[in-house]
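*Asks:* let me see the structure of the following:
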Amino acid sequence: MPTTPPPLPTTGNQLVALLRDAMQPPLEAAFADVVDGLRQPMLDRLERMELDRGPYLEGLLALKDRREAILRGFREDMASAWRIAADGEAAAVRFGEEPAGSVRGLGLVEEDELDVRLATEHLAEAISREWQSELLRLNGYLTWLDMGVRLTPDSAPYSPSRIAMAVYRGFTAASLPGNVRALAVQCCAREFVEVLGPIYENLHARLVRRLGPQDSTGPRMRRAQAIPSSGDEASSEPDWMTRFFVEWDHEDHEAAASADAATLPPALHQLLEESRHQRAREQGMARAAGARTSLSQRELIVALTLLQIASPEVHAEVLANPRQLQAAFKQQIFLQAAQLGVAPEAVAISEADENVVDLVGMLFEVIFRESHLGEEQVLVLGRLMAPMTKVALQDRKLFLQASHSARRLLNLLVEACDGNPGENDAQRLLLEKVKDTVQRLVADFDESQSVFRAARSDFNDFYVHYRAEAEKVEQALAAEQQARDAEADVLAGFAASLDARLQGTDVPAPMRDVLLAGWPAYAARMQALNKPQAAPMMLDGLLRAVDDAQVRQDVRAWHAALDWLQPMWMASGQARPAIAALREQLFSRLVAPHQAVEHAAPPPVAPATSSPTTVLPGLLEAQEWMEGLQHLDPVMTDYFQNLREGSWLDFVDKDHRVQAGRLSWISPFSRRMMFVNRAGARICVASVQELAVMAQLGRVRMHRDEDAFYSAMQGVVDRLVAPAAS
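*Replies:* Numbers count the residues shown, from 1 in each chain. Below you'll find the model as predicted:
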């Protein structure tokens with residue numbers, strides 16, 4: 001939340017007007033585009049759902065004729081929301097909150113109308129889920145309104161609920177049948193949601209320019225690259241976005257609309273040129289003097305398109321060495337230019353365009369280095385290089401907007417592949433969906449970036465179901481782990497109770513070992529069977545019988561004492577012959593301990609205190625654990641103690657295999673943490689101290705930012721800046 005007011009006095013009405021002017025025109029235009037293209041998605045949805053088109057045909061035919069009524073209803077409802085906001089009120093955003101005179105209230109509604117309302121609520125949820133971070137940044141500015149304007153995140157005219165309500169009222173104003181309205185709103189959840197992100201980002205940029213950044217939206221600092229330790233020094237180095245793009249975007253905002261606007265800031269262009277010249281010097285590859293044919297940007301895009309649709313063998317050649325991806329990618333562009341009648345050795349690209357080509361090549365190099373991908377996954381994702389370069393050459397928003405459709409699709413596909421070994425049917429189906437999505441994009445993308453938006457919408461529908469199934473697995477694992485921890489907590493309580501009860505008693509060591517090994521589990525089992533007094537009564541009777549046997553030193557007295565152990569042994573589930581053998585061994589150790597040492601079998605106790613071979617299999621050995629405990633890093637320990645659910649870490653096993661894990665659950669009993677992969681499968685369950693020791697050994701480390709594009713851009717800038725600094 002901001003701690004200081006805006007630099008200039010701004011009334012609530014002024015802020016509402018600023019928000020309205022920035023959002024209303026693009027929002028209306030976006031909704032009009034969605035309505036114009038709605039008929040085919042509706043038909044496709046009917047086909048996927050295997051529904052009869054008959055009841056929908058009349059409404060589908062009327063959709064085009066009633067376009068103006070739909071747009072007018074949407075426009076008037078949004079205008080009303082902004083007007084009410086400027087007057088200091090909040091418009092109704094939920095069904096049942098309508099004014100008293102409204103015909104629509106909480107009364108009974110027809111089934112079709114109920115479907116429309118449910119679809120409207122799902123639309124609001126989809127907008128909120130997709131653009132959560134953008135909405136949080138916008139909501140922070142609501143605190144700068146004066147007391148005369150009362151807006152909340154739910155009632156603001158830009159809120160998901162408010163926009164979804166306007167969509168509902170737009171289709172209602174057109175008097176379409178209820179089933180058609182429900183279907184139209186459902187399809188809006190697929191088509192309309194995608195275009196809202198850039199509108200939210202532009203709205204936020206307008207607020208920053210007018211009011212200044214908030215504390216929470218000021219310059220972003222670089223994310224830590226390693227888990228903090230005692231020897232670290234605090235770093236305040238800005239991230240790549242703040243360093244290069246923020247000021248450039250503000251200064252060059254008016255020029256951005258021009259066709260010739262640069263897609264990269266001058267400072268980044270300079271770093272890329274210096275890097276290219278440095279590589280040429282190191283490799284002794286000065287460009288040959290003489291006439292060279294310089295490709296225009298249009299010709300370069302044609303060459304990229306030829307590479308985009310080239311055979312898999314061509315792409316395999318480019319991706320043969322992911323660490324040399326940049327050079328191989330550019331060389332292949334030159335080879336494709338031969339189809340334009342230009343010899344590869346005579347091709348030249350303008351420095352500005354070559355910088356963009358280099359940047360995208362380096363971007364994919366870092367993505368492949370930071371992610372955990374198989375060879376086939378690299379080949380699939382590598383086919384996106386040419387399309388992404390075409391977007392980067394023509395659209396500066398790729399770098400400025402996290403909501404850019406091409407950028408979001410790349411992030412989603414990398415996330416789906418990252419750490420996915422394809423070990424089960426669900427994982428294999430997901431990888432096949434990634435492959436199909438990339439092939440569709442490669443085949444369809446020419447100039448319109450709507451292909452990225454459509455591909456992402458389609459893939460996201462599939463991925464949501466995959467994540468839902470993974471969450472079910474994860475929840476089941478969390479419940480299982482919680483039950484284990486609860487059982488361990490109960491056993492620890494009974495063990496402590498037993499230890500306290502045995503204090504000051506003269507119980508023979510063999511009998512003490514048997515009790516320590518079996519009585520806590522027996523007590524827990526009896527408590528679960530609603531017989532909480534059974535175990536204490538058994539223990540009291542046993543101790544009295546042992547005291548009596550020690551006084552009398554009589555064989556029958558010892559047998560009477562051992563009879564008290566019979567319920568505990570039987571409750572453990574062991575067979576009668578095994579119990580008889582245990583009883584005989586214990587009896588021989590109690591009655592004739594000196595002779596039993598030589599002849600008796602090992603004592604009947606579980607090796608509960610023996611040293612395990614590993615603490616966390618594959619991640620932490622017992623010896624490493626004991627040594628690490630001697631010098632735990634307090635800063636690392638504090639970091640893991642404050643780790644929040646949802647945080648990602650990389651786990652590195654003894655064979656140097658890396659697997660990304662998300663903190664899914666923290667035990668309320670032991671505070672142990674369970675990490676799962678993206679499929680919901682458990683990676684490890686560890687304590688804070690175990691994680692700190694693993695971090696000291698390099699077995700656990702920071703995971704890259706989940707925004708693969710953002711993280712890779714930081715890696716590219718680090719790579720460019722390092723030679724310049726030296």
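*Asks:* show the contacting residues for Ala708.
*Replies:* Counting by CB atoms under 8 Å, 6 or more residues apart in numbering, Ala708 touches Ile367, Glu370, Ser371, Leu410, Asn411, Val414, Glu415, Asp418. From N, CA and C alone the C-beta is placed, and that goes for glycine too.
*Asks:* no wait, Phe245
*Replies:* By CB under 8 Å, 6+ apart, the residues touching Phe245 are Pro265, Phe399, Leu400.
*Asks:* I'd like to know how far it sits from Leu409.
*Replies:* 20 Å (CB to CB, to the nearest Å).
*Asks:* count of residues packed around the closest residue in space to Thr505 that isn't next to it in sequence?
*Replies:* The spatial neighbour of Thr505 that comes closest, neighbours along the chain excluded (CB to CB, 6 or more residues apart in numbering), is Leu543 at 6.3 Å. Per other CB atoms under 10 Å, the neighbour tally for Leu543 reads 19.
*Asks:* find the helix or strand that Leu543 is a member of.
*Replies:* Take DSSP states H and E as the rule and Leu543 turns out to sit in helix 534-552.
*Asks:* quick one, longest helix in the chain?
*Replies:* Longest helix in the chain by number of residues, with DSSP state H as the criterion: helix 450-502.
*Asks:* between helix 534-552 and it, find me the angle.
*Replies:* Angle of helix 450-502 versus helix 534-552, following axes from the mean of the first three to the mean of the last three CA atoms, to 10 degrees, is 30 degrees.
*Asks:* just checking, what packs against the helix or strand that helix 450-502 is followed by?
*Replies:* Sequence-wise, the next helix or strand downstream of helix 450-502 (DSSP H and E) is helix 509-528. Contacts defined by 3 or more CB pairs under 8 Å, 6 or more residues apart in numbering; DSSP states H and E place helix 509-528 against helix 450-502, helix 534-552, helix 566-571, helix 576-591.
*Asks:* how far off helix 576-591 does helix 509-528 point, in degrees?
*Replies:* Using the same axes, to 10 degrees: helix 509-528 against helix 576-591 is 140 degrees.
*Asks:* any idea of the mean pLDDT in helix 509-528?
*Replies:* Computed over helix 509-528, the mean pLDDT rounds to 90.
*Asks:* list the buried ones in it?
*Replies:* The neighbour-count check on helix 509-528 (16 or more other CB atoms under 10 Å) flags 510-527 as buried.
*Asks:* do stretch 553-562 as well
*Replies:* Buried residues in stretch 553-562 (16+ other CB under 10 Å): Ala557, Trp558, Ala560, Ala561, Leu562.
*Asks:* ok, the nearest residue to Leu63 once chain neighbours are set aside - contacts?
*Replies:* Leaving aside its sequence neighbours, Leu63 sits nearest to Arg39 (CB to CB, 6+ apart; 5.8 Å). Contacts here follow CB under 8 Å, 6+ apart; on that basis Arg39 touches Leu60, Leu63, Lys64.
*Asks:* tell me the confidence at Arg39?
*Replies:* pLDDT, Arg39: 82.
*Asks:* what does Ala256 give?
*Replies:* Reading off the model, Ala256 has pLDDT 49.
*Asks:* cool, the one 3 residues further on as well?
*Replies:* Per-residue pLDDT puts Ala259 at 41.
*Asks:* again, but for the one 4 residues further on
*Replies:* Model confidence at Thr263, given as pLDDT, is 79.
*Asks:* is it located within a helix, as I assumed?
*Replies:* No - counting by DSSP: H, G, I helix; E, B strand; the rest coil, Thr263 is not found in a helix; it is coil.
*Asks:* ok, now how distant is the residue nearest to Leu63 from Arg383?
*Replies:* Plainly put, Arg39 is 32 Å away from Arg383 if you go by CB to CB.
*Asks:* Ala476 now?
*Replies:* Taken as CB to CB, the span from Ala476 to Arg383 is 36 Å.
*Asks:* could you check which of these two has the larger neighbour count?
*Replies:* Arg383 (21 against 11).
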